[in-house]
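Participant: kindly return the folded structure for what I paste below:
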Amino acid sequence: MTILGAHQSIAGGYDRSVVRAAECGCDCVQLFTHNTNQWHARPISPDEAQQFRDALTRHRIGHPLAHDSYLINLASPDEDLWRRSIRAFVGELQRAAMLGIPYVVAHPGAHTGAGESAGIKRIARALDIVHEEVSCAGDVGAGCLLETTAGQGTTLGWRFEHLADILAAVKEPHRLGVCVDTCHVFAAGYPLATADQYSATTENFDRVIGLKKIKAFHLNDSRRELGSRVDRHAHIGQGCIGVEAFRHLVNDPRFRKVPMYLETPKEKENGKKDGENMDVVNLRVLRELLKNR
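Facilitator: Okay, here's the model as predicted:
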């Protein structure tokens, strides 16, 4: 059975993200482990970690996934920001490990004018330092998933080759995986709508990186057109990608055991306060696609 879930808020406690996921009918859940707009992260207490794990068991929610802070830029040519980003990402992996979360999703970074080659080298070196520091601390329970990006500005990761080059440059590539975001790959210029387009894009990924590296998907339609390189998420079937692309993906037997997480907008249906939760609506659409192959 395809594993479907959504990103949920940790407001009120880490365990509350699990409760929210269960209320929406999720199989899996993604969360931030702290305020992503702040460098400082409050320590996680052992009680909080245990409550989170207990909630996963109680509500039968699997495959918890964390997303890192948007402030982190492992590609930065600015030495101070680069070092600060490394320290912050070490903290992200340690926090995930404490919660029992196996992976942290990370945008590779932005080279801010230094060039793609320099940015990729910077990311690879940063990840090597992260791996060294986490190993020395004994917290090797969480790994990093490099996320495909839309390619806004100078961000890296919008071409499959960027991720392949990072994986080739790091010392321990086995500690890394990939999270494919449907909105991002579409905005980056990879078509998905028809069966032939979907097949061509997945074959391209397999040739450049390898499908076995995909450990998670972010399921989002796109408000902008193919190749726009603009990251604007839309509800499933309500954007420029269209519903058929998601039919191909959720029914692909190669990804039957790879968890898929919604990152669609959180407003209520039709913008009404008493409208249905859109995570519920989007999950229903996806599950109908599984029924109506």
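Participant: ends of stretch 141-150, how far apart?
Facilitator: Taking C-alpha to C-alpha, to the nearest Å, the span from the opening residue of stretch 141-150 to its closing residue is 29 Å.
Participant: give the buried residues for that stretch.
Facilitator: Applying a neighbour-count criterion of 16 or more other C-beta atoms under 10 Å, the buried positions in stretch 141-150 are 142, 143, 144, 145, 146, 147, 148, 149, 150. C-beta here means a position set from N, CA and C on the backbone, and glycine is covered the same way.
Participant: and if you look at stretch 76-95?
Facilitator: In stretch 76-95, counting by 16+ other C-beta under 10 Å, buried: 76-77, 81-82, 84-86, 88-95.
Participant: and those, which two are the farthest apart?
Facilitator: Maximum pairwise distance in the buried residues of stretch 76-95, criterion C-beta to C-beta, is 27.0 Å, between 77 and 95.
Participant: and of the buried residues of stretch 76-95, the nearest to residue 11?
Facilitator: For residue 11, the closest of those turns out to be residue 95, at 16.8 Å, with distances computed as C-beta to C-beta.
Participant: which ones are touching the closest one?
Facilitator: Counting by C-beta atoms under 8 Å, 6 or more residues apart in numbering, residue 95 touches 33, 34, 41, 44, 66.
Participant: then residue 37?
Facilitator: Neighbours of residue 37 in contact, by C-beta under 8 Å, 6+ apart: 69, 70, 71.
Participant: got a winner among those residues for most neighbours?
Facilitator: Taking other C-beta atoms under 10 Å to define a neighbour, the member of the contacts of residue 37 with the most is residue 69, carrying 22 neighbours.
Participant: wasn't it part of a helix?
Facilitator: No - counting by DSSP: H, G, I helix; E, B strand; the rest coil, residue 69 is located in no helix; its state is coil.
Participant: relative to residue 35, how far out is it?
Facilitator: From residue 69 over to residue 35 the distance is 8 Å, taken as C-beta to C-beta, to the nearest Å.
Participant: one step back: strands - which of the buried residues of stretch 76-95 land there?
Facilitator: Of the positions in these, not one sits in strands, assigned by DSSP state E.
Participant: okay, helices next: where are they in the protein?
Facilitator: With helices called from DSSP state H, the chain shows them at 14-24, 46-59, 79-99, 116-137, 160-169, 182-187, 195-208, 243-250, 278-291.
Participant: show me what the fourth one is packed against.
Facilitator: Counting contacts by 3 or more C-beta pairs under 8 Å, 6 or more residues apart in numbering; DSSP states H and E, helix 116-137 packs against helix 79-99, strand 109-110, strand 155-156, helix 160-169.
Participant: can you check the first one too?
Facilitator: Packed against helix 14-24 by the contact rule (3+ C-beta pairs under 8 Å, 6+ apart) you find strand 4-7, strand 28-32, helix 46-59, helix 278-291.
Participant: can you do 6 Å?
Facilitator: If you count contacts as 3 or more C-beta pairs under 6 Å, 6 or more residues apart in numbering; DSSP states H and E, helix 14-24 packs onto strand 28-32, helix 46-59.
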